[in-house]
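Q: my questions are about this predicted structure, shown below with the sequence.
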Amino acid sequence: DMGKHLMAATAPRALVACLALLGLAAAESVTGGTLKLTWTDCADSTTHGHVTSLSPAEMTLGAVTTITGGGALDEEVTGGNFTLTMKAGFLVHETFHGDICKAQKFDLPMGMGYLKWDGLKCPQAKGAVNVPMDTYLKSELPASLASATITSTGTSSNGDKLLCLEVKTAKADDVPEMVI
């Protein structure tokens, strides 16, 4: 019977997925504290905007942190689209899309928090620009999810590349250095 063969073939995959989830729940967790943020401008020579700064340098778990990328555009932006991609551990790989000029909030899986694109103030003039994004991660996370990569890209209404920013999170060292 085809149904029995199909169930027999997919049952091991389902069992592996369940065990992985149980292992994640039982794994070491990060409670409170901060995550350090590092960043890279991932734009190429055809991208109209380049990121030159990111603040703050860390975020607090359990609190909303507004992460702002600063840089410059070489053309006015009247509209377009953005994509936010978050990868954390082996289970979380989320991609979100929206209008670059409008604020939009995206819930992360497993109730771990959210990302909120705050939107550009369109039309955005050529020159200096700040691109804010609110980030919230719950105060207790599985340790494997404390290290994440969030990539933000944007395109203009005509399809031109506007920006590319990659932010990486990692557990900040909670142990203060001892001064002798």
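A: It's in. Worth saying up front: this structure is predicted, and the values here are computed from it rather than measured.
Q: let me see the contact set for the nearest residue to Asp118 once chain neighbours are set aside.
A: Leaving aside its chain neighbours, Asp118 sits nearest to Pro132 (4.3 Å; criterion: C-beta to C-beta, 6 or more residues apart in numbering). Yep, even glycine has a C-beta here, placed from its N, CA and C like the rest. Applying C-beta atoms under 8 Å, 6 or more residues apart in numbering, we find Pro132 in contact with 66-68, 118.
Q: kindly recompute the last result at 10 Å.
A: 55, 66-70, 103, 116-120 (C-beta atoms under 10 Å, 6 or more residues apart in numbering).
Q: then Leu120?
A: 73, 77-80, 82, 99-103, 129-132, 154, 162-163.
Q: flag the shaky bits of the chain, pLDDT-wise.
A: 1-31, 173-180 (pLDDT under 70).
Q: in which helix or strand does the residue minimising distance to the centre of it reside?
A: Taking C-alpha atoms, centre = their mean, the centroid of the chain lies closest to Ile150, which sits 2.8 Å from it. Assigned by DSSP states H and E, Ile150 belongs to strand 148-156.
Q: before we move on, the earlier item: so the residue nearest to Asp118 sits in a helix?
A: No. Counting by DSSP: H, G, I helix; E, B strand; the rest coil, Pro132 is not part of a helix but strand.
Q: ranges for the strands of the chain?
A: Under the criterion DSSP state E, strands of the chain are mapped to 29-31, 34-41, 49-55, 58-60, 65-73, 80-88, 92-99, 104-107, 113-117, 127-137, 140-142, 148-156, 161-171.
Q: what comes up buried for the strand holding Ile150?
A: 148, 150-156 (16 or more other C-beta atoms under 10 Å).
Q: next: stretch 77-92.
A: Applying 16+ other C-beta under 10 Å to stretch 77-92 flags 77, 79-89, 92 as buried.
Q: and what of stretch 95-109?
A: 96, 98, 100-101, 104, 106, 108.
Q: which one of those residues is nearest to Ala172?
A: Leu108 (19.9 Å; C-beta to C-beta).
Q: which residues does the closest one contact?
A: 86, 88, 92, 94, 96, 114-115, 135-138, 145, 148.
Q: likewise for Thr155?
A: With C-beta under 10 Å, 6+ apart, Thr155 has these contacts: 47-48, 77, 79-83, 100, 161-163.
Q: okay, and the beta partners of it?
A: Using DSSP bridges, the bridge partners assigned to Thr155 are Asn81, Lys161.
Q: check the one 10 residues further on too.
A: On DSSP bridges, the residues paired with Leu165 through beta bridges are Asp41, Ser152.
Q: that one and Asp41 touch, don't they?
A: Yes. Here Leu165 reaches Asp41: they are 6.4 Å apart, a contact under C-beta atoms under 10 Å.
Q: between the two, who's got more neighbours?
A: A count of neighbours by other C-beta atoms under 10 Å puts Leu165 above the other of Leu165 and Asp41, at 24 against 18.
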